[in-house]
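K.L.:
Give me the fold of what follows.
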Amino acid sequence: MPLKPKILVTSAGGKTGLPVTLQLLEKGFPVRALLRRRDGRAEMLERAGAEIFVGNQYALSDMRTAMEGVNRAYQCAPTAPNGLHFNAVFTVAANEAKLEHVVTLGQWLTSVDHPSLFTREVYLSDAMVRLLGSTSVTSVNPGWFADNYLMVIDMAAHLGVFTMPLGEGGKKKNAAPSNEDIASVVVGSLADPETHAGKSYRPTGPALLSPDEIALAMGKALGRRVTYKNISEKMMTKALRALPPSNYSEAAVSQLAIYAEEYRRGSFAVNAPTNDVQLVGGRDPEQFESIARRLVASRPELRRSVSGTARAMAGFLKIALTPALDLNRIQSARDYVQIATPRFSQDTPEWLQTHAAQQKIANQARVA
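P.N.:
Here you go, the predicted model:
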């Protein structure tokens, strides 16, 4: 029996990189997992059968070594500043290694003149990798992840509130995919380049949900009533600064504020949900309540308790006392590239064409 092609997974310890690696191994592909350090995630992937490569994803010398003997790759930039640098390094190394196929993780919002520097960089990166002469490319462009809502589940568990700047609670504005469902589309594309080369996919969850429905599902998973509360952008920056996630950076928060504006504008609801998880990933997309239940089952500290409520109250007090971020100052201080006439996604004709309803129908017809 011929050996299956070897696949490099970048950001292999990340939200999509980890399930991509595991799902590829389950399908019998040899996988080299590129991580920045050897930790518990690296050990878990190694036990599952991955070859671990520890290196700097921003260093061309490391990326060249990581691609030695590799046939295909998953291009997933870290959730951090300098994404365009990462993608330039990846593209140069992929060209030299003459990879046969690359699947790249992009964005639902990707458009040429977007107000977000990060999004414009994704647009450029996608165009750049498609210049490779001998390498075929598939783009996977998810929107607002289900995982984003779960960043605030501790407050929901202990205080019964789900707080985000998502606008009116009753409007259905997103069909959030799980990390595993996004990974399944990546894996389907890596496993079958002949079918998926040149295509773009937008994996979603099974249905559009409103913030009130997200809170309801979160409450069912937690076994308590949870209420959605729309907060200001200012309050969001205070919360992220006071209780930062592991990948926190002021630069990323400045972009998240722009994405929240896109959420309120309804951009993530345009032609959603799609059937890409079923058609390419070969599985039914997961309900948000199921995603939340899985997380709750893995974190015993989310059970209601006096100590948990006390910690949540202390966190709430810390948020109240933490100054908000000046997002304009952050962008100015980092000397971000500015454009004269930025346009949100729905104000961009090219973006509307790629997200039109007929595109979904075309995908259904093309994919086996």
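
K.L.:
Report the contact partners of V270.
P.N.:
Counting by Cβ atoms under 8 Å, 6 or more residues apart in numbering, V270 touches S345, Q346, L352, H355. Every residue, glycine included, has its C-beta placed from N, CA and C.

K.L.:
cutoff 10 Å now
P.N.:
By Cβ atoms under 10 Å, 6 or more residues apart in numbering, the contact set of V270 is W108, G143, K173, R202, S345, Q346, W351, L352, H355, A356, A357.

K.L.:
What subset of those residues is buried?
P.N.:
Those of these that meet the buried threshold are W108, G143, K173, R202, S345, Q346, W351, H355, by 16 or more other Cβ atoms under 10 Å.

K.L.:
Which stretches in the stretch 51-200 of the chain count as helices?
P.N.:
With DSSP state H, counting those that start in this stretch, the ranges of helices along the stretch 51-200 of the chain come out as 60-66, 83-97, 117-129, 146-149, 153-159, 179-191, 193-196.

K.L.:
got JSON lines for these, with mean neighbour count too?
P.N.:
Listed next are the helices of the stretch 51-200 of the chain as JSON lines, based on neighbours: other Cβ atoms under 10 Å:
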{"stretch": "helix 60-66", "mean neighbour count": "18"}
{"stretch": "helix 83-97", "mean neighbour count": "19"}
{"stretch": "helix 117-129", "mean neighbour count": "21"}
{"stretch": "helix 146-149", "mean neighbour count": "22"}
{"stretch": "helix 153-159", "mean neighbour count": "22"}
{"stretch": "helix 179-191", "mean neighbour count": "26"}
{"stretch": "helix 193-196", "mean neighbour count": "17"}
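
K.L.:
of those helices, which approaches R329 most closely?
P.N.:
Of all these, it is helix 117-129 that lies closest to R329, at 14.9 Å by Cβ to Cβ.

K.L.:
pLDDT on the closest one, on average?
P.N.:
Confidence over helix 117-129 (mean pLDDT, whole number) is 94.

K.L.:
any weak-confidence spans in the stretch 251-368 of the chain?
P.N.:
Applying pLDDT under 70 to the stretch 251-368 of the chain picks out residues 334-335, 358-368.

K.L.:
how about the helices in it?
P.N.:
Under DSSP H, counting those that start in this stretch, the stretch 251-368 of the chain gives helices at 276-279, 288-298, 306-321, 327-333, 349-354, 357-366.

K.L.:
quick revisit: out of the contacts of V270, which is nearest to V20?
P.N.:
The closest of those, once distances to V20 are taken by Cβ to Cβ, is R202, at 17.0 Å.

K.L.:
which residues touch that closest one?
P.N.:
For R202, the contacting residues are 106-108, 139-143, 175, 177, 185, 268, 270-274, 276-277, 354-355, 359-360, 363, by Cβ under 10 Å, 6+ apart.

K.L.:
Excluding chain neighbours, give the residue nearest to the residue nearest the centre of the chain in space.
P.N.:
Taking Cα atoms, centre = their mean, the centroid of the chain lies closest to F145, which sits 5.8 Å from it. Nearest residue to F145, sequence neighbours excluded (Cβ to Cβ, 6 or more residues apart in numbering): A176, at 6.2 Å.

K.L.:
Repeat that for A183.
P.N.:
In space, and not counting its chain neighbours, A183 is closest to P19: 3.7 Å by Cβ to Cβ, 6+ apart.

K.L.:
OK, contacts around the one you found?
P.N.:
S178, N179, E180, D181, I182, A183, S184, V186, V187.

K.L.:
quick one: S61 and G55 touch, right?
P.N.:
Yes: assessed by Cβ atoms under 10 Å, S61 is found in contact with G55 at 8.7 Å.

K.L.:
Secondary structure element holding the residue nearest to A183?
P.N.:
Following DSSP states H and E, the helix or strand that holds P19 is helix 17-26.

K.L.:
Can you list the buried residues in that helix?
P.N.:
By neighbour count on 16+ other Cβ under 10 Å, the buried set for helix 17-26 is G17, L18, P19, V20, T21, L22, Q23, L24, L25.

K.L.:
roughly how far apart are the closest residue to A269 other than its chain neighbours and L216?
P.N.:
Leaving aside its sequence neighbours, A269 sits nearest to K173 (Cβ to Cβ, 6+ apart; 4.9 Å). To L216, K173 is 15 Å away according to Cβ to Cβ, to the nearest Å.

K.L.:
Contact partners for L150?
P.N.:
Contact analysis of L150 by Cβ under 10 Å, 6+ apart lists A156, A176, I214, M218, A221, F288, I291, A292, R294, L295, V296, R299.

K.L.:
mind putting those residues in JSON lines, distance to A50 included?
P.N.:
Shown next, in JSON lines, are those (distance: Cβ to Cβ, whole Å):
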{"residue": "A156", "distance to A50": "34"}
{"residue": "A176", "distance to A50": "27"}
{"residue": "I214", "distance to A50": "33"}
{"residue": "M218", "distance to A50": "33"}
{"residue": "A221", "distance to A50": "30"}
{"residue": "F288", "distance to A50": "29"}
{"residue": "I291", "distance to A50": "24"}
{"residue": "A292", "distance to A50": "28"}
{"residue": "R294", "distance to A50": "22"}
{"residue": "L295", "distance to A50": "24"}
{"residue": "V296", "distance to A50": "28"}
{"residue": "R299", "distance to A50": "25"}
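
K.L.:
filter these to the buried ones?
P.N.:
Neighbour-count burial within these applies to A156, A176, I214, M218, A221, F288, I291, A292, L295, V296; the criterion is 16+ other Cβ under 10 Å.

K.L.:
Cool, thanks, signing off.
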